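Participant: 3D model of this:
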Amino acid sequence: MTVPLYQYSPLHPEIEGSIRLLQLFAGDSGDPLHCALWHTALTELPEFDALSYVWGSTEELDPADVYLVPPSVQLGDVALTSELQRLPISSSLCGALRRLRLPNDYRVIWVDALCINQSDPVEKSQQVPMMGKIYHRARSVLVWLGEEANDSDLALSFIPQVTDLSRFDRIIHDQGSTHKWYALSKMMNRPWFSRRWVVQELAFAREAKVYCGNGSVDWALFADAATLFGQRQQDIVKLFLLSPDYNHDAEIFGEVQALGALRLINALNRLFRRSDDGQILEGLVSLETLVTSLNVFQTKICRDCIYAVISLSNNSQQGGNANYSSSQQTPATSMWPTLPINYNLPFHEVARGFVASCIRSSNSLDIICRPWAPCRNYYYSNFQSPVLSSWACTMDDSVFEIRPDGHYVRKRGDSFVGVPGRLIYQASRGFPYFSFDVFFPRQQEDPSSYFEMAWFSDYLPQPVKAPQMMVKGWNIGTVGTLGERAMEGTIPSGWFRIANWYERRQPVPEAFWRTLVADRGADGGNAPSWYKRAFEHAFANSGNGDVRLQRMIIQSKSTVTTELLRRVQSIIWNRRFVLTSQGAFGLVPANATMGDVVMVLYGLSVPVVLRKLESSYWLVGECYIHGAMDGVTLKNSRPSDYPNVLDMSTGNWLYDPREHVSLR
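Facilitator: Numbering: from 1, shown residues only. Next up, the predicted model:
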């Protein structure tokens with residue numbers, strides 16, 4: 001007999017805070033999952049727990065499904081072997097429910113995949129804003145890491161030993177504990193720790209418990225053990241250096257602070273203020289900071305890169321109000337006084353609202369250079385939607401990326417715009433963004449014909465009728481002579497020729513060494529004067545070929561020189577050295593080409609490289625131009641001296657500085 005699919009009954013719109021809870025009936029480990037969904041309200045909640053888990057792929061559905069009592073049937077009137085309806089669930093959720101099911105009693109749980117009708121975007125838009133309250137009112141948040149694997153049972157039993165401080169110093173020097181530390185590191189890098197939603201779920205939790213396989217541990221205990229691991233990583237790494245079982249591999253963990261558990265714990269400690277009993281009191285940072293600083297935490301749905309953290313910001317009620325200045329343009333939606341959660345909106349509209357909100361609340365355009373949106377190949381392979389504007393900076397431009405093995409690796413040089421609220425440069429010193437417009441052109445009959453959908457690492461699209469942003473700016477030159485890309489932080493020999501530094505035993509040109517460190521120290525302050533001396537010392541015997549900085553760092557016997565080399569490496573990684581048409585040295589994105597325009601935009605703290613594509617301009621990315629990072633080229637200008645202003649919607653140069661620049 002075929003079991004029919006479960007049909008949701010609508011939540012009661014007249015009841016404020018109406019939600020569903022899942023009643024998980026008792027059963028043994030091999031029994032089918034029998035449940036019931038029932039309606040209640042936030043003001044009338046019974047005792048319940050909330051589940052936090054990895055959704056898993058929608059293609060990986062468990063063949064057993066979950067069997068639910070139809071909404072029309074009273075719980076007391078149904079036999080669990082009849083009148084049930086089925087609902088497909090992921091194998092991850094199936095494992096969690098089987099693990100949490102009690103043998104002799106029912107359990108009440110809130111599970112997002114089941115308690116929200118995922119096929120109803122209107123209901124989803126209403127329920128997601130309530131998730132913070134739901135997780136906060138739950139008796140406990142139950143964290144499901146997955147089935148036993150990689151000695152996770154050993155890791156769970158090891159955690160109480162790590163947090164027993166009377167034994168801790170002995171454990172970190174005990175060669176016999178090496179396998180336990182390795183098991184703990186594998187647990188700390190489970191996929192659950194890479195989910196962006198878990199930041200909210202733990203931030204609002206009153207209590208939390210971690211389940212993995214058949215074992216469990218309190219979250220507070222787990223977090224303490226993980227933190228101690230991170231703080232004493234150097235001692236623990238020495239155990240592996242001495243261990244033949246692990247091939248004396250001191251790099252076995254990669255970057256310990258990049259393990260998923262530590263990234264999550266550090267984010268929770270950094271972004272929120274808590275009471276003495278651990279309850280979240282307030283968010284400490286803006287929505288822009290949350291979205292951009294948590295960009296390594298993943299979501300399945302593009303919109304959720306914003307929606308998953310929107311309730312945690314300290315300015316969640318702030319937003320943007322864009323102007324629509326032409327009758328020839330049709331706005332897709334108005335800009336909002338708040339940034340609503342709306343799963344009916346396509347992602348490019350959500351992105352537009354988020355960027356506008358960030359600009360209004362920060363009085364800055366820096367968000368257009370901060371990576372936050374999903375990578376373009378992911379976006380276009382999963383969604384039929386207009387092209388993302390170039391001012392929606394994607395994770396293609398992120399400084400780091402997570403490899404499939406969970407290790408965190410550098411992808412490009414450190415960002416020049418830095419983090420929100422902490423300016424490193426002031427290229428448009430004294431000039432705020434003044435105003436901006438965001439609009440969509442009129443729709444054509446076939447939206448799929450708008451855009452070129454081919455994406456390659458060194459290919460920029462030629463979007464037609466992409467969403468536009470209008471700002472103001474100055475042309476400070478074009479990309480002239482270009483050096484090769486600094487692959488993995490290696491300085492190509494051609495860079496030295498462009499800088500006219502042929503004899504490396506001679507004094508280094510001031511502008512050259514300052515460009516390679518972006519004229520700043522590691523702390524973001526002015527470059528120390530001793531950098532020049534360390535630079536000349538390090539490169540005196542480097543020959544005439546490429547300079548492999550990583551090898552020099554390993555071989556260096558001077559801590560001062562090592563510090564300088566690490567700074568250079570962190571800046572030039574995967575960038576290109578440039579001599580602009582105005583004779584300035586600089587560092588530009590790897591995909592910059594000769595003829596690209598270099599501009600300083602109102603309200604943007606760093607210069608940018610723009611690419612002309614037919615009748616529009618595309619934002620290639622941020623750049624460093626020596627002598628232009630602190631407003632030096634602008635602060636002494638009179639209105640009559642302003643460089644030409646570019647209208648990027650037409651490609652025409654404008655001589656009236658009051659005109660807008662249209663950025664696609």
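Participant: what about Cys305, helix or strand, and which?
Facilitator: With elements delineated by DSSP states H and E, Cys305 resides in helix 304-307, which encompasses its position.
Participant: by contact count, what packs against whichever helix or strand comes after that helix?
Facilitator: On the C-terminal side of helix 304-307, the nearest following helix or strand under DSSP H and E is helix 347-362. Packing contacts for helix 347-362, counted by 3 or more C-beta pairs under 8 Å, 6 or more residues apart in numbering; DSSP states H and E, involve helix 287-293, strand 437-439. For the C-beta atoms, the positions are set from N, CA and C on the backbone; glycine is no exception.
Participant: Kindly recompute the last result at 10 Å.
Facilitator: Secondary structure elements in contact with helix 347-362, counted by 3 or more C-beta pairs under 10 Å, 6 or more residues apart in numbering; DSSP states H and E, are helix 287-293, helix 304-307, helix 376-382, strand 437-439, strand 468-471.
Participant: Now it: average pLDDT?
Facilitator: Here the mean pLDDT over helix 347-362 is 88, rounded to a whole number.
Participant: Would you pull up how far that helix lies from the middle of the chain?
Facilitator: Its chain's C-alpha centre lies 16 Å from the corresponding centre of helix 347-362 when counted by C-alpha atoms, centre = their mean, to the nearest Å.
Participant: Okay, domains of this protein per the record?
Facilitator: When the chain is parsed into structural domains using automatic domain parsing, the resulting residue ranges are 18-139, 152-273, 487-572.
Participant: Go through those and name the closest to Ile368.
Facilitator: domain 487-572 (19.2 Å; C-beta to C-beta).
Participant: how long is the closest one end to end?
Facilitator: For domain 487-572, the first-to-last residue distance is 9 Å (C-alpha to C-alpha, to the nearest Å).
Participant: how far is it from where the chain is centred?
Facilitator: 30 Å.
Participant: now swap in stretch 575-593 and tell me
Facilitator: For stretch 575-593, the distance to the chain centre is 27 Å (C-alpha atoms, centre = their mean).
Participant: buried sites along it?
Facilitator: In terms of neighbour count (16 or more other C-beta atoms under 10 Å), stretch 575-593 has its buried residues at 575-582, 584-592.
Participant: State the pLDDT value of the residue nearest to the spatial centre of the chain.
Facilitator: Among the residues of the chain, the smallest C-alpha distance to the mean C-alpha position (C-alpha atoms, centre = their mean) belongs to Asn295, namely 0.5 Å. What the model reports for Asn295 is a pLDDT of 88.
Participant: Correct me if wrong: it contacts Ser415.
Facilitator: No. Contact between Asn295 and Ser415 fails when scored by C-beta atoms under 10 Å: they sit 11.1 Å apart.
Participant: looking just at contacts, which helices and strands does the helix or strand hosting Ser157 meet?
Facilitator: Take DSSP H and E as the rule and Ser157 turns out to sit in helix 152-162. Packing contacts for helix 152-162, counted by 3+ C-beta pairs under 10 Å, 6+ apart, involve helix 165-171, helix 178-187, strand 208-212, strand 215-218, helix 219-231.
Participant: residues in contact with it?
Facilitator: Where contact means C-beta atoms under 10 Å, 6 or more residues apart in numbering, the residues beyond helix 152-162 that reach it are 145-146, 148, 151, 167-168, 170-172, 177, 179-188, 190, 210-218, 221-229, 232.
Participant: Output stretch 547-561 as CSV, nothing but the C-alphas.
Facilitator: Coordinates of each C-alpha in stretch 547-561 appear next as CSV, following Å, rounded to 0.1, in the frame of the first residue of the first chain:
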residue,chain,number,x,y,z
VAL,A,547,61.8,35.3,-5.3
ARG,A,548,60.1,32.4,-3.4
LEU,A,549,59.1,34.1,-0.2
GLN,A,550,58.0,30.9,1.6
ARG,A,551,61.4,29.4,1.2
MET,A,552,63.0,32.6,2.4
ILE,A,553,60.7,32.6,5.5
ILE,A,554,61.7,29.0,6.3
GLN,A,555,65.4,29.6,5.9
SER,A,556,65.4,33.0,7.6
LYS,A,557,67.4,33.3,10.9
SER,A,558,66.2,36.8,11.7
THR,A,559,62.8,37.2,13.3
VAL,A,560,62.7,40.8,12.0
THR,A,561,63.3,39.7,8.4
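Participant: what does that stretch contact?
Facilitator: Contacting residues not belonging to stretch 547-561 are listed as 486-493, 495-496, 504, 528, 530-531, 533-535, 537-539, 541-542, 562-566, 568-570, 572-573 [C-beta under 10 Å, 6+ apart].
Participant: Swap in 6 Å and give it another go.
Facilitator: Taking C-beta atoms under 6 Å, 6 or more residues apart in numbering as the criterion, the residues outside stretch 547-561 that touch it are 489-491, 534, 537-538, 562, 565, 569.
Participant: ditto for stretch 596-604
Facilitator: When contacts are taken as C-beta under 6 Å, 6+ apart, the neighbours of stretch 596-604 outside the stretch itself are 364-365, 427-428, 431-434, 471-479, 580, 607-611.
Participant: can you tell me the average pLDDT over that stretch?
Facilitator: 92.
Participant: now the end-to-end length of it.
Facilitator: Distances were taken as C-alpha to C-alpha; on that basis the terminal residues of stretch 596-604 are 18 Å apart.
Participant: Show me how far that stretch is from its chain's centre.
Facilitator: In terms of C-alpha atoms, centre = their mean, the gap separating the centre of stretch 596-604 from the centre of its chain is 25 Å.
Participant: what does stretch 14-24 give?
Facilitator: Taking C-alpha atoms, centre = their mean, one finds stretch 14-24 lying 31 Å from the centre of the chain it belongs to.
Participant: Show the average pLDDT along it.
Facilitator: Per-residue pLDDT values over stretch 14-24 give a mean of 92.
Participant: Same check on stretch 130-146?
Facilitator: 96.
Participant: Buried residues, that stretch. List them.
Facilitator: Neighbour counts using 16+ other C-beta under 10 Å place 130-132, 134-138, 140-146 of stretch 130-146 among the buried residues.
Participant: In contact with Val291, which residues?
Facilitator: When contacts are counted by C-beta under 6 Å, 6+ apart, Val291 is found next to 306, 372.
Participant: at 10 Å instead, please
Facilitator: Counting by C-beta under 10 Å, 6+ apart, Val291 touches 196, 305-310, 313, 354, 358, 367, 370, 372-373, 420.
Participant: any idea which of those residues is closest to Phe253?
Facilitator: For the contacts of Val291, the minimum distance to Phe253 (C-beta to C-beta) is 23.1 Å, reached by Arg196.
Participant: would you turn the domains of the chain into TSV with distance to Arg664?
Facilitator: Written out in TSV, the entries for the domains of the chain read as follows (distance: least, C-beta to C-beta, whole Å):
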stretch	distance to Arg664
domain 18-139	28
domain 152-273	28
domain 487-572	28
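Participant: do you know which of these lies nearest Tyr6?
Facilitator: Each of the domains of the chain has some distance to Tyr6 by C-beta to C-beta; the shortest is domain 18-139, at 4.0 Å.
Participant: that older thread, just the ones of the contacts of stretch 596-604 in strands?
Facilitator: Within the contacts of stretch 596-604, membership in strands is found for 471, 473-478, 608-611, as judged by DSSP state E.
Participant: Just put these in JSON lines and tack on pLDDT, neighbour count and distance to Leu84.
Facilitator: Listed next are those as JSON lines, based on pLDDT from 0 to 100; neighbours: other C-beta atoms under 10 Å; distance: C-beta to C-beta, whole Å:
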{"residue": "Val471", "pLDDT": "75", "neighbour count": "23", "distance to Leu84": "58"}
{"residue": "Gly473", "pLDDT": "83", "neighbour count": "27", "distance to Leu84": "63"}
{"residue": "Trp474", "pLDDT": "86", "neighbour count": "24", "distance to Leu84": "68"}
{"residue": "Asn475", "pLDDT": "89", "neighbour count": "19", "distance to Leu84": "68"}
{"residue": "Ile476", "pLDDT": "92", "neighbour count": "21", "distance to Leu84": "69"}
{"residue": "Gly477", "pLDDT": "93", "neighbour count": "22", "distance to Leu84": "70"}
{"residue": "Thr478", "pLDDT": "96", "neighbour count": "17", "distance to Leu84": "69"}
{"residue": "Val608", "pLDDT": "96", "neighbour count": "29", "distance to Leu84": "59"}
{"residue": "Val609", "pLDDT": "97", "neighbour count": "24", "distance to Leu84": "60"}
{"residue": "Leu610", "pLDDT": "93", "neighbour count": "28", "distance to Leu84": "60"}
{"residue": "Arg611", "pLDDT": "92", "neighbour count": "21", "distance to Leu84": "58"}
